[in-house]
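> can't give you the sequence, but here's the structure:
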């Protein structure tokens, strides 16, 4: 019993936390990429705060690697499922969900930018709130091969993971208590995500009139 107790006490508490936190972070980011109900950016920022306060510097690199690889895997899975819908005569529920989450004007902008800049637009789409789905749908509708999509999505996921980890590091460095840093990082990431939606709600009311006038002048 004494030997087992000594062995248990010799295991650093952080190692047990990491064994649970890293797989959980990976699974939640993958899930959030497939079914965007999980605030993945806030998760990455929170994990960076915890790593900054409680673990070794290498933990920050692990958080970055886990977040980027999970985001890439989730994007690949969602794109593959969307491709099945594009190639199917009856479509698929995944493709319909993508269409439902992409406003027509944002999809039109994404298709235009994709034609101008190619897969480079994927990097920006991962950094702009609510920009990922319209660009991914534009890639699907343009019949972009999965391999080409992955080549563009790799730097996009790396930039995304780095950005939200920097937000976490900022929150962790400003506050001495980890929970304060986590709260600040989560608040900032949620504010960034909600900003575009709030702007669309409060922008001048003459926007719809311009669109309706444009439609009246067309013969579609």
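Ah, there it is. Since we're looking at a predicted model, the values are computed, not measured.
> what segments of this protein are helices?
Secondary structure of the chain (DSSP state H): helices at 2-10, 13-34, 40-54, 57-87, 93-101, 104-117, 121-127, 132-141, 146-174, 178-202, 206-216.
> okay, now the unreliable bits of this protein?
Within the chain, the stretches with pLDDT under 70 are 1-20, 55-57, 87-92, 172-220.
> recalculate using a threshold of 90.
The chain contains residues with pLDDT under 90 at 1-22, 33-60, 81-110, 113-120, 123-133, 141, 143, 166-220.
> surely residue 40 touches residue 71?
Yes: using Cβ atoms under 8 Å, residue 40 is in contact with residue 71, at 7.0 Å. Every residue, glycine included, has its C-beta placed from N, CA and C.
> who has more neighbours, the two?
Taking neighbours as other Cβ atoms under 10 Å, residue 40 and residue 71 compare with residue 71 leading, 27 against 23.
> what's the nearest residue to the more buried one if we skip its chain neighbours?
Excluding the flanking residues, the one nearest residue 71 by Cβ to Cβ, 6 or more residues apart in numbering is residue 157, at 4.2 Å.
> same question, residue 79
Using Cβ to Cβ, 6+ apart, the closest residue to residue 79 is residue 149 (5.5 Å).
> now do the same contact list for the one you found.
By Cβ atoms under 8 Å, 6 or more residues apart in numbering, residue 149 lies in contact with 76, 79, 119, 122, 139.
> how about stretch 148-167: buried residues?
Neighbour counts over stretch 148-167 (16 or more other Cβ atoms under 10 Å) mark 149-150, 152-154, 156-161, 163-165, 167 as buried.
> one more: stretch 130-144?
For stretch 130-144, a neighbour-count test (16+ other Cβ under 10 Å) marks 130-141, 144 as buried.
> for those residues, which one is nearest residue 103?
Residue 103 has its nearest neighbour among those in residue 134, at 7.4 Å by Cβ to Cβ.
> hmm, the closest one is touching residue 102, no?
Yes: Residue 134 is within contact range of residue 102, at 4.3 Å (criterion: Cβ under 8 Å).
> shared neighbours, the two?
By Cβ under 8 Å, 6+ apart, residue 134 and residue 102 have these common neighbours: residue 110.
> hmm, back to that, out of the contacts of residue 149, what pair is the most spread apart?
76 and 119 (13.9 Å).
> give me the common contacts of residue 40 and residue 71.
Residues touching both residue 40 and residue 71 (Cβ under 8 Å, 6+ apart) are 29, 33.
> list the residues that contact the residue nearest to residue 144 when sequence neighbours are not counted.
Leaving aside its chain neighbours, residue 144 sits nearest to residue 119 (7.8 Å; criterion: Cβ to Cβ, 6+ apart). Taking Cβ under 8 Å, 6+ apart, we find residue 119 in contact with 144, 148, 149, 151, 152, 153.
> and residue 119, how far from residue 83?
The gap separating residue 119 from residue 83 is 16 Å, by Cβ to Cβ, to the nearest Å.
> do the same with residue 134
Per Cβ to Cβ, residue 134 is found 17 Å from residue 83.
> and which of the contacts of residue 119 is nearest residue 27?
Within those, the smallest distance to residue 27 is 19.2 Å, found for residue 153 (Cβ to Cβ).
> so the closest one sits right up against residue 76, yeah?
Yes: using Cβ under 8 Å, residue 153 is in contact with residue 76, at 7.3 Å.
> report the contact partners of the closest residue to residue 136 other than its chain neighbours.
Counting by Cβ to Cβ, 6+ apart, residue 79 is the residue found nearest to residue 136 once chain neighbours are left out, at 6.2 Å. Counting by Cβ under 8 Å, 6+ apart, residue 79 makes contact with 136, 139, 140, 146, 149, 153.
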